[in-house]
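Asks: show me the folded form of this:
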Amino acid sequence: MLNKFRAYLEKSLPITDEQFSLISKDLQVKTFQKNEIILSQGDICNRTYFVGEGLLRSYSVDSKGKAHVIQFAPELWWISERNGLLFNEPSDFYIDAIEQTKALMIPKDYFNNAIPFLPKLQELNASMLNNSIRFMQKRINMLLSATAEERYLDFIRLYPNLTLRVPQWMIASYLGITPESLSRVRKDLAHKHFRP
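Replies: Down below sits the predicted model:
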């Protein structure tokens, strides 16, 4: 698991064995079972998860009990809840495991503690934050202005390996459409000979 994390970091910055040893000594690996809830609405999130194997998701539940998927986190993705992580506020979201998942649990103060040993981590952290903001802005725009088909095609581009791993109702929830609408979109795309 730590090898995957190191390989992920090395795509963006050079790192020595000594540096990696110093910045990884407090990281914990945990296996979550399928359907296990990792964070509940109202809890305060105090860590980020780096997924090595498996699949996590974040979602909210409205007053009628309907789930709204915010994000999926397959292998080599990060997932967290920023209200708790940055502002010590109760979470608006849940995080759970769609599959059995092995993840690295990264404490909230990880980057502040690791940057003195590996200064380039500051750039990586800023880049990840900017990418997260860009991702959310695009997602909001898609939900407000794109057709169901456009949203689905964007989902496939973003998550190319998830269509067979995630139940259709979860994909529909992520897209902000009904499962019936998603079935129609998939049928229309099949008639156009589109294969995800």
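
Asks: quick one: the helices in the chain?
Replies: Assigned by DSSP state H, the helices in the chain fall at 2-10, 17-24, 82-87, 110-114, 121-145, 148-158, 168-175, 179-191.

Asks: most tightly packed of those?
Replies: Compared across the helices of the chain, helix 168-175 shows the largest average neighbour count, a mean of 19 (mean count of other Cβ atoms under 10 Å). C-betas here are computed from N, CA, C, even on glycine.

Asks: still on that earlier bit, any idea which of the helices of the chain scores lowest on pLDDT?
Replies: Mean pLDDT per stretch puts helix 82-87 lowest among these, at a mean of 87.

Asks: ok, residues contacting that helix?
Replies: The contact list for helix 82-87 (Cβ atoms under 8 Å, 6 or more residues apart in numbering) reads Asp43, Ile44, Cys45, Asn46, Arg47, Thr48, Glu89, Pro90, Ser91, Asp92, Lys108.

Asks: possible to save the residues you listed as TSV with distance to Thr163, neighbour count and pLDDT?
Replies: Compiled in TSV, the contacts of helix 82-87 are given as follows (distance: Cβ to Cβ, whole Å; neighbours: other Cβ atoms under 10 Å; pLDDT from 0 to 100):
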residue	distance to Thr163	neighbour count	pLDDT
Asp43	31	16	95
Ile44	34	15	94
Cys45	28	24	94
Asn46	33	15	93
Arg47	29	20	95
Thr48	26	20	95
Glu89	34	13	94
Pro90	33	14	94
Ser91	28	21	94
Asp92	27	15	91
Lys108	33	16	91
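
Asks: filter those residues down to the ones in strands?
Replies: Arg47, Thr48 (DSSP state E).

Asks: residues in contact with Val61?
Replies: Gln41, Ala67, His68, Tyr94.

Asks: using the record's assignment, carve this structure into domains.
Replies: Here the domain parsing of the chain from automatic domain parsing is 2-145, 146-196.

Asks: what sits against Val29?
Replies: Applying Cβ under 8 Å, 6+ apart, the residues near Val29 are Met1, Leu2, Gly52, Lys102, Ala103, Leu104, Met105.

Asks: okay, and the beta partners of it?
Replies: Counting by DSSP bridges, Val29 is bridged to Leu104.
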